[in-house]
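Participant: Model the following, please.
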Amino acid sequence: MPRFNRHLTLFILCGLVLYPWTVADGADIHENVGTRAMTFLKIGVGAKAISMGESQVADADDLYATYWNPAGLAQLQRPQLGLMHNEWFEGINHQFIGFAQPLGNAGTLGGSLIYLSYGELEGYDINESGEPVKTENFHPYDLALIGSYARRFGGALSLGANAKWVREKIDTESAQVIAFDIGGLYAILNNSFSFGFNVQHLGAKVKFVEESFSLPLNIKVGMAYRLLDEALTLTADVNRPSDNDPTVGVGAAFTAYELIHLRAGYKYKVGGNDLGTASGITSGIGFSIEGFQLDYAFVSFGKLGGAHRFSLISNF
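Facilitator: Below is the predicted model:
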């Protein structure tokens, strides 16, 4: 059997192994919808990853690995600075800035910030008669400060972790918590195949006003297959969130002349959603020029329309 066919067969078999992760647990998961704090942590960063159906846990190899799989930071050969802007809906903006520094055999250190702004909202209260009364406008936001570390163990295995200080503010009320991510990456067959996992948002409950809420724990596993001298990459991820049904993400990326990167993907929620079948389609393009990489992603939200994301990486 030709090597390409053997590798493709292995990729398909691995997909079948991941399939049981997509089976929903029924009411146990649905009962948790809307019961988690700091849900902005579920919003991914980096246009490259987003345009590939958010399937990056086994293909994380740049600064944005801090989100998808911190173990991927161990792949960096040079320091990187990254910036991302995500134009969401109704004035909601999502921003990321980060830096990572390889330390040779000692591993890679990174630091990043995620900020989600909801814009200006009108404030209301209830008077003694039970009627709504307008108050001052306010600016709610979410913030995460992240420290990352990753290291290679031999030529195939990398491990990484994040420590995150997370804050959420709504009008005069706020809450903060410390959370952690733990990830691993393993490559075989001269890096043609890689497998990854990431346990995201581990931490204590968050007390907001007088009630406590759990963090949106998520377990992410996936694989990547590289062929045509790594010009073509195929990826697949499965997510098991603690507050919703599983999701499956698949993606493909093709690089031409080491300059242009064409990407597409799809993120499917097991059990479907109310936004239509077009929701979850992703696409994008990237350009690598003299140490810089500029990426763009478009994400379809079906009936709600689409969202645009731009990200930049600078190599030093």
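
Participant: so what pLDDT did the most centrally placed residue in the chain get?
Facilitator: Residue closest to the average C-alpha location in the chain (CA atoms, centre = their mean): Gly44, at 3.1 Å. pLDDT for Gly44: 95.

Participant: With adjacent residues omitted, what lies nearest to it?
Facilitator: Closest residue to Gly44 apart from its sequence neighbours, by CB to CB, 6 or more residues apart in numbering: Glu54 at 5.2 Å. Yep, even glycine has a C-beta here, placed from its N, CA and C like the rest.

Participant: and the gap between the residue nearest to the centre of the chain and Thr282?
Facilitator: Gly44 is 10 Å from Thr282, where distance means CB to CB, to the nearest Å.

Participant: tell me, what's touching the two both at once?
Facilitator: Shared contacts of Gly44 and Thr282 (CB atoms under 8 Å, 6 or more residues apart in numbering): Ile50, Glu54.

Participant: one step back: name the SS class of the residue nearest to Gly44, please.
Facilitator: coil (DSSP: H, G, I helix; E, B strand; the rest coil).

Participant: tell me the phi and psi of it?
Facilitator: With angles defined as degrees, to the nearest 10, Glu54 sits at phi 60, psi 30.

Participant: Please name the residues that touch it.
Facilitator: Per CB under 8 Å, 6+ apart, neighbours of Glu54: Gly44, Asp237, Gly249, Gly251, Gly265, Lys267, Thr282.

Participant: Inside strands: which ones of those?
Facilitator: Members of these lying in strands (criterion: DSSP state E): Asp237, Gly249, Gly251, Gly265, Lys267, Thr282.

Participant: Let me have these in TSV, extended by pLDDT and distance to Lys303.
Facilitator: Output for the ones in strands among the contacts of Glu54, formatted as TSV (pLDDT from 0 to 100; distance: CB to CB, whole Å):
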residue	pLDDT	distance to Lys303
Asp237	97	25
Gly249	96	21
Gly251	98	23
Gly265	98	20
Lys267	94	16
Thr282	97	17
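
Participant: what ranges do the strands span in the stretch 101-250 of the chain?
Facilitator: Here the stretch 101-250 of the chain has its strands, by DSSP state E, counting those that start in this stretch, at 108-117, 121-126, 132-138, 141-153, 157-170, 173-188, 193-203, 206-208, 211-213, 218-227, 232-241, 247-256.
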